[in-house]
Structure formats: structure tokens, C-alpha cells
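# kindly return the folded structure for what I paste below:
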Amino acid sequence: MLKKIKLFKDSKGVNSKDFNFAWIFFLLILSQILFGSNQIMARFIQGEVPPIGLSFWRWVLATLIILPFTYKRIFSCLPTLYEEWKVYLASAFCLIVLGNTTIYIALNYTTAINGAIVSSVQPAFTFALSWLFYREFVSKNQIAGAVVATLGVLFIISKGDINVLFNLSPNPGDVWMVISVLGFSLYAILLKRIPDQVPAIITLNVIQFLGIILLAPLYIWETYYIQAIEFNQITLFSIIWAAVFVAIGALGLWNYTNKKLGANKASGTIHLRLIAITVMAIIVLDESLKLYHFVAFAIIMMGVFAISKK
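Residues are numbered from 1 along each chain as shown. Model (predicted):
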């Protein structure tokens, strides 16, 4: 009877494996759209909210929202968490300090579209780091692709003017975005070392909590020497959006789909984030596309294609 049911489903074209993959891929795309909204929000409030303060309070709020659903299970996972504490601490540093906080700094200086194009080189970074840490097989095409993708990033940083690179005066926002991409790429490959027996929501909550600890000294420094955060309507809106839709929604989906598909496959959808950010930037921020944007993106895409051709 069970065999007949299976055959009937196959005849209708229903394949549970394909459906499961499609669902995971849909969640991955949704995570990229939500990640993209984070850059639009950061650019929209530039100068109004200090970047480290925004990052610090978004993670505090996100942690408090999830904690009631995780605190009991965290205790049951403590032996594993203690054993792998270095991986969790490194993940928190790469994601929250290097990967996320630097985005808010970058978008005080550069446009959302520039930031999105620089972010699109993440698959190349992830590939290179996967080889460096895990010695994954590397072909000549992949090496060439990584080099080409890097040239695309340099093109966007220089706005198509090679003299900018020789004079060492690129837009600081684009440089901060490169640091952000490095952080996210390191985080993506570190997820491979997160124990499978620890549920994704526990992993997320633990990384958030450790990130708050790492950000605290930087937040105190910014408050006293740069700019103190003022809790007004703009600040509260940005913190709530970044906490609920990005720190919980986008990151939770990213963690889940990364574990299912692997860092290299998941990173390939970064380019969908570029499309989402570009559309939102034109509509919400009234930004415009320039020729060097298209050239830089074309160069990066050629590099990423060479990396993932197989």
C-alpha cells in the first residue's frame, strides 16, 4: 500500500526531496531580502543613530525576545556549548563585530547600492576561506574567479578611477563594507563547526549574547568619545527593525539554510540581496545607478561564475 502511494505521488510530479530543497531555497531568498532591508534602514538613518550603539541595542533586544524560548534548553546544551566555546566566541566576533556593526559604519559614508555591490563578492571570500581552513578542492578556474571578483570590488571602491587606488583615497564606507564581507564569510564557514546537536535557535541566542559582551567596550567608547545614542522615534524604529526582522528573522533563516545547504551554496544567493537592495535604494533612498556600478557588478559576476561553474 505504501509503495502504491509513493508511486502515485511520483506520477503527479511530487518529490519530497525537491519540495524540501525548494522550501529551503525560498527561506534563503527571504533571508537575503531581510538582510537587504538592514542596509536600506542604515542608510536612511545615517548620522541620526550612532552605528555601534544601534548594533549593540539591536542585539540586546533580539536576545531578550528569543531568551524566553531558549533559556531552559540552553542549560541542557551547556556541556556542548562549554566544549565548543571558542567556535561560538569566534562566530560572535565575526558576525556581530566584523560582519554587522561595520555595515552601520560603512553606510554613513557610502551608498546602499555601493554597499550591495561590494557585498556581492562574499561568495569569492567564502570560497577562499573554505579552502584556507578546510582545504576544499580548488581549481584554476576558481582561483582565477576569486582574483576577478576581487578586481570587481576594487573597481567599485575606486568608482572606475584606477588613480584612486594608486593615491590610496577610496571611499572609507566601501572599505568598511569589505571588512563586513570578510566577517560574514568567516562566520559562514565557522557554521560548519557548530555542533549539529545544538538547535539553530540556541546557536543564534548564544552567539547574540556573546556578541553583546564583545560589543560592550566599543559601545562605551562610542558613547563617551563619539556620540551617545538618544532614544527617540527614529532610534527605536531602527533598533526594533534591526532586531526583529534582521537579527532574528534574517539571521535565523540564514543559519538554518546555511546548515542545510552549506556555506558555498548559500553564499551564491548574496546576489539576490543586491537586486533587493538596488530596487529598495532607488525607491526609498532615491539613489541612482551609474555606469561603474554595472561594470563592477559584471566583473564580480564573472568571477563568481568561474568559482561556482562546476
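# switch to C-alpha atoms for all contacts and neighbour counts from now on
Noted.
# residues of the helix or strand containing residue 280 that come out buried?
For residue 280, the enclosing helix or strand under DSSP states H and E is helix 270-284. Judged by neighbour count (16 or more other C-alpha atoms under 10 Å), helix 270-284 contains these buried residues: 270, 271, 272, 273, 274, 275, 276, 277, 278, 280, 281.
# likewise for stretch 178-185?
Here stretch 178-185 shows 178, 179, 180, 181, 182, 183, 184, 185 as buried, counting by 16+ other C-alpha under 10 Å.
# report the residue spans of the protein with pLDDT below the cut-off.
1-19, 135-140, 142-143, 145-146, 149-150, 153-154, 156-170, 263-271, 303-310 (pLDDT under 70).
# not counting sequence-adjacent ones, nearest residue to the most centrally placed residue in it?
Nearest to the mean C-alpha position of the chain, by C-alpha atoms, centre = their mean, lies residue 184 at 5.1 Å. Once flanking residues are discounted, residue 184 sits nearest to residue 99: 4.9 Å by C-alpha to C-alpha, 6 or more residues apart in numbering.
# in this structure the one you found contacts residue 176, no?
No - contact criterion C-alpha atoms under 8 Å: residue 99 and residue 176 do not qualify, at 9.7 Å.
# show me what contacts the residue nearest to the centre of the chain?
Contact analysis of residue 184 by C-alpha atoms under 8 Å, 6 or more residues apart in numbering lists 94, 95, 98, 99, 100, 122.
# okay, and it sits in which element?
Using DSSP H and E, residue 184 sits within helix 172-190.
# need the helices for the stretch 51-200 of the chain, in chain order.
Here the stretch 51-200 of the chain has its helices, by DSSP state H, counting those that start in this stretch, at 51-76, 78-83, 85-92, 102-106, 112-119, 122-134, 140-157, 162-166, 172-190, 200-225.
# just the CA trace of the next helix-or-strand element following the last one, in CSV.
Using DSSP H and E, the helix or strand that follows helix 200-225 towards the C-terminus is helix 233-241. Coordinates of the C-alpha atoms in helix 233-241 are reproduced here as CSV (Å, rounded to 0.1, in the frame of the first residue of the first chain):
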residue,chain,number,x,y,z
GLN,A,233,11.3,57.6,17.5
ILE,A,234,14.0,57.1,14.8
THR,A,235,16.3,55.3,17.2
LEU,A,236,13.5,53.0,18.5
PHE,A,237,12.3,52.2,15.0
SER,A,238,15.8,51.3,13.7
ILE,A,239,16.5,49.2,16.8
ILE,A,240,13.2,47.3,16.5
TRP,A,241,13.6,46.7,12.8
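# show me what the helix or strand just after helix 233-241 is packed against.
Later in the chain than helix 233-241, the nearest helix or strand by DSSP H and E is helix 251-261. Helices and strands touching helix 251-261, as assessed by 3 or more C-alpha pairs under 8 Å, 6 or more residues apart in numbering; DSSP states H and E, comprise helix 16-44, helix 200-225.
# quick one: distance of the first one to the chain centre.
Going back to what we said before, that points to helix 16-44. 11 Å (C-alpha atoms, centre = their mean, to the nearest Å).
# go on, stretch 71-81?
With C-alpha atoms, centre = their mean as the basis, stretch 71-81 stands 26 Å off its chain's centre.
# hmm, who's touching it?
By C-alpha under 8 Å, 6+ apart, stretch 71-81 touches 88, 195, 198, 202.
# got a winner among these for most neighbours?
Within those, residue 88 tops the neighbour count with 25 neighbours, counted by other C-alpha atoms under 10 Å.
# pretty sure that one contacts residue 205?
No - the criterion here is C-alpha under 8 Å, and residue 88 misses it with residue 205 at 10.6 Å.
# and residue 179, what does it touch?
Residue 179 makes contacts with 98, 99, 102, as judged by C-alpha under 8 Å, 6+ apart.
# tally of neighbours for the last one?
Taking other C-alpha under 10 Å as the neighbour definition, residue 102 ends up with a count of 24.
# where's it relative to residue 179, distance?
As judged by C-alpha to C-alpha, to the nearest Å, residue 102 and residue 179 stand 7 Å apart.
# if you drop the residues flanking it in sequence, what lies closest to residue 251?
Distances taken as C-alpha to C-alpha, 6+ apart place residue 31 nearest to residue 251, at 7.0 Å, with adjacent residues excluded.
# next one: the one you found from residue 258, what distance?
Counting by C-alpha to C-alpha, the gap from residue 31 to residue 258 is 11 Å.
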